[in-house]
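Trainee: For reference, the sequence and a predicted model appear below.
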Amino acid sequence: MRWLSNIRLPGGGPQLWRIGLNGQNQIAAVQALAPGSAAAGADWQGDWLSPAGVDLQINGGLGLAFPELTDADLPELETLLELLWRDGVEAICPTLVTCAVAPLRQALAVLRAARQRHRSGRCRLLGAHLEGPFLAHARRGAHPALHLCAPSRPALLERIGGFEEEIALVTLAPELEGAGEVIGALLELGVVVSLGHSEANEAEASAAYGAGVSMLTHSLNAMAGLHHRAPGPVAAALLGGGVHLGLIADGVHVAPSMAVLLQRLAGDQLVLVSDALAPYGLADGRHRWDERELLVEQGTCRLPDGTLAGVTLPLLEGVRRLVRWGGEVEATIAAATVSPRRVLGDDRPIESLLVGLPLAETLRWSGAAPALAWQRSGPSSQPA
């Protein structure tokens, strides 16, 4: 067995570790080093080793919007999955924002076909993330009002019937009448339910968490903020524990100081998401988004009326920005690589997450704030 030593792991505590590699260059052993011990093997000099990123909220890329997918888009979708892999992302929950029923079901069918064509060197497609249509009208943001829908079991079945096993996450407004029934139905299916695009107050949010809602979608966006007399759903999640808080760490959706504050309050409940839209991987400028125009400037996407719609920044760019603002390297790496797995039910410790992975599929993080960099851990990788 070949060994790599003096490695740090996100979620692995303050000690250093060593990694044993088998003949196929897969991680076969992960062992903690005793303080002050000298370990044989290639010295990583305290660099971090993590699984690759998992993005629970990404809406498309290379001009493709996931709710608009057709069979003809499969080759371009595979190209996008290859781009995401190069950008350090192992898996995504393809996010389908509010749209009509027919295109939603067509998109789910295309995603099913794409999953069956997976191969190495491509990001994996996990179950879909339905962001809508059970959202509060006043907090809909860039979601088209035309396709918002009152929550009910029949409305849910109309959209996901036949695809129940291929839905990983649903964002909804739990204060809406009928939402409780939908939350119960989703939990029966093993689907994660997230509060988002919601007018829920602290009490309503707390009740939703008690009923099984276990995440916030893009915390502080499309919901009440942290106000000293109206704490809202974010405070309820922080105080209640067990609820993950999604964060878009671009510096626009949430100010850097508030992102750092949220991280310090949330700890390992924080989950970084990209919220990338169809122009991900393309240049800034004017792009089409369903029937509307999308204006992209410095990675920020807005509708022509100024409504903030998303980003074109890679998930791991959010890691680097949050580290630059707050200096928390370990926690921030974990928020993009380990915590998303926790949301989806994988509670294995970091050592178990790494065992069995080819080294080339993991990430090596070097440097510190403000200049953290990552690369694939294989010999041919280049710093990013």
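Mentor: Nice, I can see it. Residues are numbered from 1 along each chain as shown.
Trainee: Are we agreed that residue 209 is in a strand?
Mentor: No: Residue 209: not assigned to a strand; according to DSSP: H, G, I helix; E, B strand; the rest coil it is helix.
Trainee: Going forward, count from 661.
Mentor: OK, 661 is where the count begins now, so the last one is residue 869.
Trainee: Could you give the number of residues near it?
Mentor: By other Cβ atoms under 10 Å, the residues close to residue 869 number 22. To be clear about C-beta, it is placed using only N, CA and C from the backbone, and glycine gets the same treatment.
Trainee: Was I right to think it contacts residue 898?
Mentor: No: using Cβ atoms under 8 Å, residue 869 is not in contact with residue 898; the gap is 10.9 Å.
Trainee: All the helices of the stretch 711-860 of the chain, residue numbers only.
Mentor: Counting by DSSP state H, counting those that start in this stretch, the stretch 711-860 of the chain has helices at residues 734-746, 761-776, 813-820, 839-848.
Trainee: would CSV of these with mean neighbour count, mean pLDDT and distance to residue 934 be doable?
Mentor: Output for those, formatted as CSV (neighbours: other Cβ atoms under 10 Å; pLDDT from 0 to 100; distance: least, Cβ to Cβ, whole Å):
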stretch, mean neighbour count, mean pLDDT, distance to residue 934
helix 734-746, 18, 98, 10
helix 761-776, 17, 97, 18
helix 813-820, 16, 98, 24
helix 839-848, 18, 98, 23
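Trainee: and those as TSV, adding distance to residue 944?
Mentor: Shown next, in TSV, are these (distance: least, Cβ to Cβ, whole Å):
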stretch	distance to residue 944
helix 734-746	17
helix 761-776	26
helix 813-820	33
helix 839-848	37
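Trainee: Residue 827: which of those is closest?
Mentor: Closest approach to residue 827 among the helices of the stretch 711-860 of the chain (Cβ to Cβ): helix 813-820, 5.5 Å.
Trainee: how about the CA coordinates for the closest one, as CSV?
Mentor: Provided in CSV are the C-alpha atoms of helix 813-820 (Å, rounded to 0.1, in the frame of the first residue of the first chain):
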residue,chain,number,x,y,z
ARG,A,813,-51.6,15.8,-3.2
PRO,A,814,-53.3,15.8,-6.6
ALA,A,815,-51.2,18.7,-7.8
LEU,A,816,-48.0,16.9,-6.6
LEU,A,817,-49.0,13.7,-8.3
GLU,A,818,-49.8,15.5,-11.5
ARG,A,819,-46.2,16.6,-11.7
ILE,A,820,-44.2,13.7,-10.3
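Trainee: by contact count, what packs against it?
Mentor: On a contact count with 3 or more Cβ pairs under 8 Å, 6 or more residues apart in numbering; DSSP states H and E, helix 813-820 meets helix 761-776, helix 839-848.
Trainee: list the contacts for the closest residue to residue 967 other than its chain neighbours?
Mentor: In space, and not counting its chain neighbours, residue 967 is closest to residue 802: 5.3 Å by Cβ to Cβ, 6 or more residues apart in numbering. Residue 802 makes contact with 757, 963, 967-970 under the criterion Cβ atoms under 8 Å, 6 or more residues apart in numbering.
Trainee: Alright, that wraps it up for me.
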